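>>> structure, please.
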Amino acid sequence: MKNIKSEEVKPYEAEAEKKQQVSTMFDSIAPSYDFLNGFLSMGIDTRWRKKAIGMLKPFEPKKILDIATGTADLAIEANRQLQPEQIVGLDISPKMLEIGRQKIEKKGLSNIISLMDGDSENLPFEDNSFDAVIVAFGVRNFENVEAGLKEMHRVLKPGGKCLVLEFSKPKRFPFKQGYNFYFKYILPTVGRITSKDKKAYGYLYESVQAFPEGEDFINLLTTVGIKESICKPLTLGVCSAYLGTK
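Next up is the predicted model:
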């Protein structure tokens, strides 16, 4: 079987670069994104974010960058648990950011959390700017995963923490087989009907299959200079939280 890299998997078949396709895809599904996340994961996605952010509690980061922030759920959870001085959320989808800003304003958090349009592989920040860089379900959407991780490393302060929450693949029988069937067939069908985007949730399955996980992802973090990384599998390996240090 051919080894397909994460950056080779695109939402659509067009020749446009992956970055542009990902932006188009998330703009397309933005109105139904939060509903589908909760519905298709049966609410477990909220627990994943809570557990991942909880891994940062002992380090008390004061300035946090949330990459691929989407509708800002991870940023809001980071504020709830960590009570930092500042959180900056960055994303390439204007429509996702618009929904995120509405949530932040409704919660009265606009003085702490700010959102901006930006490219994860070309971050508009100086070196050594943040105590923590966090990203949930976004790294596999990078056009160049290693370039994005290098940028995360660059903007981290020495000793700063890198937290990545990303889908992985369950290994335990029979959960693995049942989950794969749901993820490959049921989830894309429901997602297509609800979001009206024919490709988005099929891309989700394909991008997860191509993404390096566990030790492979830890090795990739080590390559870009993020050390002492650990991997914490969640929900029998459906997703994994990675925590490392610059």
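>>> state the distance from the nearest residue to residue 218 once chain neighbours are set aside to residue 194.
In space, and not counting its chain neighbours, residue 218 is closest to residue 229: 4.6 Å by CB to CB, 6 or more residues apart in numbering. Every residue, glycine included, has its C-beta placed from N, CA and C. Residue 229 sits 36 Å away from residue 194, going by CB to CB, to the nearest Å.
>>> partner strands of the helix or strand residue 161 falls within and their direction?
Assigned by DSSP states H and E, residue 161 belongs to strand 156-167. Using DSSP bridges, strand 156-167 pairs in its sheet with strand 130-136 (parallel), strand 239-245 (antiparallel).
>>> alpha carbons of it, as CSV, please.
Output in CSV follows, covering the C-alpha atoms of strand 156-167 (Å, rounded to 0.1, in the frame of the first residue of the first chain):
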residue,chain,number,x,y,z
LEU,A,156,7.3,29.5,21.4
LYS,A,157,9.4,31.0,24.3
PRO,A,158,12.2,28.7,25.5
GLY,A,159,10.6,26.2,27.8
GLY,A,160,7.2,27.0,26.3
LYS,A,161,4.7,24.2,25.7
CYS,A,162,3.3,22.8,22.5
LEU,A,163,-0.1,21.1,22.7
VAL,A,164,-1.5,19.2,19.8
LEU,A,165,-4.9,17.4,19.9
GLU,A,166,-5.5,15.3,16.8
PHE,A,167,-7.4,12.3,15.5
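>>> pLDDT (mean, whole number) over it?
Mean per-residue pLDDT for strand 156-167: 97.
>>> what's the local residue count around the residue nearest to residue 218?
For residue 229, the neighbour count with other CB atoms under 10 Å is 18.
>>> which residues touch the helix or strand containing it?
Following DSSP H and E, one finds residue 229 within strand 227-234. For strand 227-234, the surrounding residues in contact (CB atoms under 8 Å, 6 or more residues apart in numbering) are 47-48, 51-52, 55, 162, 168, 214-215, 217-218, 221-222, 239-246.
>>> where does the prediction get shaky in this structure?
Within the chain, the set of residues satisfying pLDDT under 70 comprises 1-8, 11, 14-15, 198.
>>> try it again at 90.
Per-residue confidence for the chain (pLDDT under 90) gives these ranges: 1-19, 22, 24-43, 170-210.
>>> mind listing what's buried in the longest helix seen in it?
As assigned by DSSP state H, the longest helix anywhere in the chain is helix 18-40. For helix 18-40, burial by neighbour count (16 or more other CB atoms under 10 Å) applies to 18-19, 21-30, 32-34, 36-37, 40.
>>> likewise stretch 79-92?
79, 82, 84, 86, 87, 88, 89, 90, 91, 92.
>>> now the terminal residues of it, how far apart.
This stretch, stretch 79-92, spans 22 Å end to end (CA to CA, to the nearest Å).
>>> distance between that stretch and the chain's centre?
Per CA atoms, centre = their mean, to the nearest Å, the displacement of stretch 79-92 from the mean C-alpha position of its chain is 14 Å.
>>> list the contacts of residue 78.
With CB under 8 Å, 6+ apart, residue 78 has these contacts: 53, 56, 64, 66, 84, 87, 134.
>>> now render those residues as TSV, adding secondary structure and distance to residue 148.
Output for the contacts of residue 78, formatted as TSV (DSSP: H, G, I helix; E, B strand; the rest coil; distance: CB to CB, whole Å):
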residue	secondary structure	distance to residue 148
53	helix	20
56	coil	20
64	strand	17
66	strand	14
84	coil	22
87	strand	19
134	strand	13
